[in-house]
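Novice: need coordinates for the below:
(chains A and B)
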Amino acid sequence: MALIELKNYVLKAEKTGAGSGIGPLNLNLEAGNVYALKTDSANDAHLFFRGLATLVSPSRGTYIYKGETLFFPDYRRLLHAKKTMGYLTADTTLISNRTIRENLTLGRAYFYNDMSGTLDYETMELCRDFGIDRVLGQRPAGLGVPDNKSAMMVREIGKNPDILLLEYPEEFCLSEGNTLEVLIETIHKRLDLGMTLVFLTYEEDFSRCFSGKTLEIREGRVCITDEIKQAAMG
Amino acid sequence: MKSIAGFTGRKTLEFIAYVLNIFAFTYRLFELFLSRPVEGRSLIKKAVVEQIYFTAVQALPIIIPLALMVGTMLIIQFTKLSGDFDLGKVTVVLVVRELGPMITALLVILRSATAVTIEISSMTVFNEIEALEMAGVDPMRILSFSRFVGITTAVFCLFIIFDIVAIFGGYVIVWVASDVPMGNFLTLVAKAITGTDMVVGLLKALFFGVAITVISLYHGFRTRKMSTLIPVSASKTAVQSFFWIMVINVFVSAVFYL
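Specialist: The predicted structure follows:
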């Protein structure tokens, strides 16, 4: 079953000169698959990712997520879909006036009215793996970029998303140690549980670790080829 | 000539769109207030308490001296006119009906409304609103609703404190520090104040609270993604909040006293 179906889907470039936009396209992203993005325009790729994350509304066409047609004019009717998506991009940020722990337990506090700030076992494991277990009580402003980036990874992966969208994951692996390897290993565990992965990377070591399909974006057109090609950009 | 007509037309349409947007935003907030979903209640309760603390409790060291100064000044001036006017009535008209709500609202605009706009604008500009949405959290609910309840309650409470401190505190200061003859000032005030005066004062405080919150949140969420637009939004909030509380003030006074 397709996790995401895009029908006659068109995204306009958000700013003048920022790529040529996307579509019209018809595309199915299957659950549990891995898709590596290959593109001639980083702007178009970014727009495509934002479109998949439902952060931009299509100017035309239909977005079907897990069998349900999404209604974009009302942001409230997209929240349940967003909740099941993990998205890491250069724009990703933490909530600045909350501690890392509060950032990681925000969903639990909101959906279950649990203000205890207790992290579940899996999230705590992720915190240890990414080396942020020692900074949970601090606010993002008090931490360096590597710890903030690690916290963002933990937050997005800790959601147990149905789909994980990664734009240049190597930019999130800045901590000392083998963060990229930890990320790859963590993603593999989630893929085994049926998660879908869409990624764009310059890092050949990353793309080499996954087998799946390539989504190729050329001048706003998107097509799927079978094998992941190396060097996603260019 | 055509360009003047065009300019006037565009500005009029912009103004109508702005007013409609403000009313739509207010409607959304009231809808949240009435729908009372279970999700996010704990977060909202915490945020409401924090907002009341920031807007009301932390404002007390400013509002109390301000009320004392205004009360003292007015009482000194009124006692000079005691032969010409009903002292109690003039105090009630000025402090309870007009100055109390206005000064309280002005203080909240200067301290809190601009701060709320800057906070929400920053969250918009630096993608924190998107981060909330990606967590499945409704930003309107956890950011707007808590501030709406918190600020409105704070304005309401500060108004009551201002009135009490201005009248009683002002009286005590003048009585202690001067030999100005005040006669039975407090009795006159007590006789002059009516139920309508109190309702009008409280109603104004309530409407001011709603207007200030709506305008500050509206401009916060409307800020486009440029950090240079954050101070512009804060400035718009201050000016427009002041303008709209003046409009509400005139409207409420006209409804009750004309």
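Novice: and for residue A:124, nearest residue in space, chain neighbours not counted?
Specialist: Closest residue in space to residue A:124, ignoring its immediate chain neighbours: residue A:133 at 7.0 Å, by C-beta to C-beta, 6 or more residues apart in numbering or on different chains. Any C-beta I mention is one placed from the backbone N, CA and C, and that applies to glycine too.
Novice: next, the buried residues of whichever strand or helix holds residue B:150.
Specialist: Taking DSSP states H and E as the criterion, residue B:150 maps to helix B:146-164. Residues of helix B:146-164 classed as buried by neighbour count (16 or more other C-beta atoms under 10 Å in any protein chain shown): B:146-159, B:161-163.
Novice: which among these are in contact with chain A?
Specialist: Residues of the buried residues of helix B:146-164 in contact with chain A (C-beta under 8 Å from any C-beta of the partner chain): none.
Novice: quick one, phi/psi of the residue nearest to residue A:124?
Specialist: Taking degrees, to the nearest 10, you get phi -60, psi -20 for the backbone angles of residue A:133.
Novice: quick one: neighbours of it, just the number.
Specialist: 15 (other C-beta atoms under 10 Å in any protein chain shown).
Novice: so it sits right up against residue A:123, yeah?
Specialist: No. Counting by C-beta atoms under 8 Å, residue A:133 stays clear of residue A:123, with 10.2 Å between them.
Novice: mind listing the strands for the chain?
Specialist: All of this refers to chain A. Per DSSP state E, chain A carries strands over the ranges A:2-11, A:22-30, A:34-39, A:60-65, A:68-69, A:85-88, A:163-167, A:196-200, A:213-218, A:221-225.
Novice: that's the wrong chain, I wanted chain B
Specialist: Counting by DSSP E, chain B contains no strands.
Novice: in it, what helix or strand scores lowest on average pLDDT?
Specialist: The helix or strand of chain B with the poorest confidence is helix B:87-91; it has a mean of 78 (mean pLDDT, DSSP states H and E).
Novice: what do you get for chain A?
Specialist: Result, chain A / mean pLDDT, DSSP H and E: strand A:221-225, a mean of 82.
Novice: can you list the residues of chain A near chain B?
Specialist: Counting by C-beta under 8 Å from any C-beta, chain A comes close to chain B at A:53, A:55, A:75-76, A:78-80, A:82-85, A:87, A:91-97, A:106-107, A:109-111, A:113-115, A:155-156, A:159.
Novice: helices - which of those land there?
Specialist: Applying DSSP state H to the residues of chain A next to chain B, the entries found in helices are A:79-80, A:82, A:106-107, A:109-111, A:155-156.
Novice: which one of the residues you listed is nearest residue A:143?
Specialist: residue A:155 (13.6 Å; C-beta to C-beta).
Novice: just give me the neighbour total for the closest residue to the closest one other than its chain neighbours.
Specialist: Take residue A:155 and drop its neighbours on the chain: the residue closest to it by C-beta to C-beta, 6+ apart is residue A:104, 5.6 Å away. A count of nearby residues for residue A:104, using other C-beta under 10 Å, gives 25.
Novice: excluding its backbone neighbours, what's nearest residue B:71?
Specialist: residue B:170 (2.2 Å).
Novice: contact partners for the one you found?
Specialist: Residues near residue B:170 by C-beta atoms under 8 Å, 6 or more residues apart in numbering or on different chains: B:67-68, B:70-75.
Novice: dump these into a markdown table; add neighbour count as well.
Specialist: Formatted as a markdown table, the contacts of residue B:170 follow (neighbours: other C-beta atoms under 10 Å in any protein chain shown):
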| residue | neighbour count |
| --- | --- |
| B:67 | 27 |
| B:68 | 18 |
| B:70 | 20 |
| B:71 | 26 |
| B:72 | 19 |
| B:73 | 13 |
| B:74 | 19 |
| B:75 | 26 |
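Novice: now, those residues that are in helices?
Specialist: Per DSSP H, those map to helices at B:67-68, B:70-75.
Novice: what sits against whichever residue of chain B sits closest to chain A?
Specialist: Closest residue of chain B to chain A, C-beta to the nearest C-beta: residue B:136 (2.7 Å). Residue B:136 makes contact with A:79-80, A:82-84, A:107, A:110-111, according to C-beta under 8 Å, 6+ apart.
Novice: so which of the residues you listed is the closest to chain B?
Specialist: Closest to chain B out of the contacts of residue B:136 is residue A:83 (2.7 Å), distances taken as C-beta to the nearest C-beta.
Novice: for residue B:213, see how far away the closest one is.
Specialist: Distance of residue A:83 to residue B:213, given as C-beta to C-beta, to the nearest Å: 27 Å.
Novice: what do you get for residue B:66?
Specialist: Taking C-beta to C-beta, one finds residue B:66 at 21 Å from residue B:213.
Novice: now residue B:121. Nearest residue, chain neighbours left out?
Specialist: In space, and not counting its chain neighbours, residue B:121 is closest to residue B:223: 3.9 Å by C-beta to C-beta, 6+ apart.
Novice: the closest residue to residue A:197 other than its chain neighbours - how many residues pack around it?
Specialist: Leaving aside its sequence neighbours, residue A:197 sits nearest to residue A:34 (C-beta to C-beta, 6+ apart; 4.7 Å). For residue A:34, the count of nearby residues is 22 (other C-beta under 10 Å).
Novice: cool, and residue B:80?
Specialist: By the criterion of other C-beta under 10 Å, residue B:80 has 9 neighbours.
Novice: buried ones in stretch B:32-48?
Specialist: Using 16+ other C-beta under 10 Å as the test for burial, stretch B:32-48 gives B:32, B:39-40, B:42-44, B:47-48.
Novice: can you tell me which residues contact the closest residue to residue B:207 other than its chain neighbours?
Specialist: Nearest non-adjacent residue to residue B:207, counting by C-beta to C-beta, 6+ apart: residue B:248, 4.8 Å away. The neighbours of residue B:248, taking C-beta under 8 Å, 6+ apart as the test, are B:204, B:207-208, B:211.
Novice: still on that earlier bit, you'd agree the residue nearest to residue A:155 is up against residue A:122?
Specialist: No. Taking contacts as C-beta under 8 Å, residue A:104 lies outside contact range of residue A:122: 11.0 Å.
Novice: which neighbours do the two have in common?
Specialist: residue A:158.
Novice: ok, now which ones touch the nearest residue to residue B:50 once chain neighbours are set aside?
Specialist: Once flanking residues are discounted, residue B:50 sits nearest to residue B:150: 7.4 Å by C-beta to C-beta, 6+ apart. If you count contacts by C-beta under 8 Å, 6+ apart, residue B:150 has them with B:47-52, B:54-55.
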